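Participant: Fold the following, please.
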Amino acid sequence: MRGKAATSEAASGRSARNGTASVCPDFHAAIELIGKRWTGAILSALMEGPMRFGELAKAVPRMSDRLLSQRLRELEDEGVVERTVESGAPPRVSYELTEKGTDLKPAIGELQAWARRWKRA
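Facilitator: Model prediction:
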């Protein structure tokens, strides 16, 4: 495949051989990452700026500290969130979006708008 046809098929996820749709592996990985339970809420909270662990816990109520730690670790491993330890006693830990995480702002914003439009009354 060459040129516009190859680009069009790759973008649409259509196979040149049989015309069936296939899911882009990169898209699938992205959806699996941000689609995990509570991850969207964490990202939404961090869109406002850096937050300490306790602030995030309050911003995402009903989420256990253990699960919050796990999700933050996953986002950090993927390069979406950066963890900063501030010196002092006791040390304070804050989390903020990386450039990669900040690139999600338009997508998260669209999901928030979609949710408001389709929220059950």
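
Participant: use CA for all of it now, contacts and neighbours both
Facilitator: Fine.

Participant: residue nearest the centroid of this protein?
Facilitator: The centre of the chain sits closest to residue 34, judged by Cα atoms, centre = their mean, with a distance of 3.8 Å.

Participant: these two touch, right, it and residue 44?
Facilitator: No. With contacts counted by Cα atoms under 8 Å, residue 34 stays clear of residue 44, the gap being 10.7 Å.

Participant: Skipping adjacent residues, who's closest to the residue nearest to the centre of the chain in space?
Facilitator: Distances taken as Cα to Cα, 6 or more residues apart in numbering place residue 40 nearest to residue 34, at 5.8 Å, with adjacent residues excluded.

Participant: Helix or strand with the lowest mean pLDDT in this structure?
Facilitator: The weakest-scoring helix or strand in the chain, judged by mean pLDDT, DSSP states H and E, is helix 3-12 (a mean of 46).

Participant: Show the subsequent helix or strand relative to that helix.
Facilitator: Using DSSP states H and E, the next helix or strand after helix 3-12 towards the C-terminus is helix 25-34.

Participant: and the strand or helix carrying the residue nearest to residue 34 with helix 25-34, angle?
Facilitator: Assigned by DSSP H and E, residue 40 belongs to helix 39-46. Regarding helix 39-46 and helix 25-34, their directions subtend 80 degrees when assessed with axes from the mean of the first three to the mean of the last three Cα atoms, to 10 degrees.

Participant: And helix 39-46, what does it pack against?
Facilitator: Using 3 or more Cα pairs under 8 Å, 6 or more residues apart in numbering; DSSP states H and E, the elements in contact with helix 39-46 are helix 53-59, strand 92-97, helix 105-118.

Participant: so of these, which one's packed in deepest?
Facilitator: For the helices and strands packed on helix 39-46, the stretch with the most neighbours on average is strand 92-97, a mean of 18; neighbours defined as mean count of other Cα atoms under 10 Å.

Participant: quick one: the helix or strand just after it to chain centroid distance?
Facilitator: Sequence-wise, the next helix or strand downstream of strand 92-97 (DSSP H and E) is helix 99-102. Distance of helix 99-102 from the chain centroid (Cα atoms, centre = their mean, to the nearest Å) equals 9 Å.
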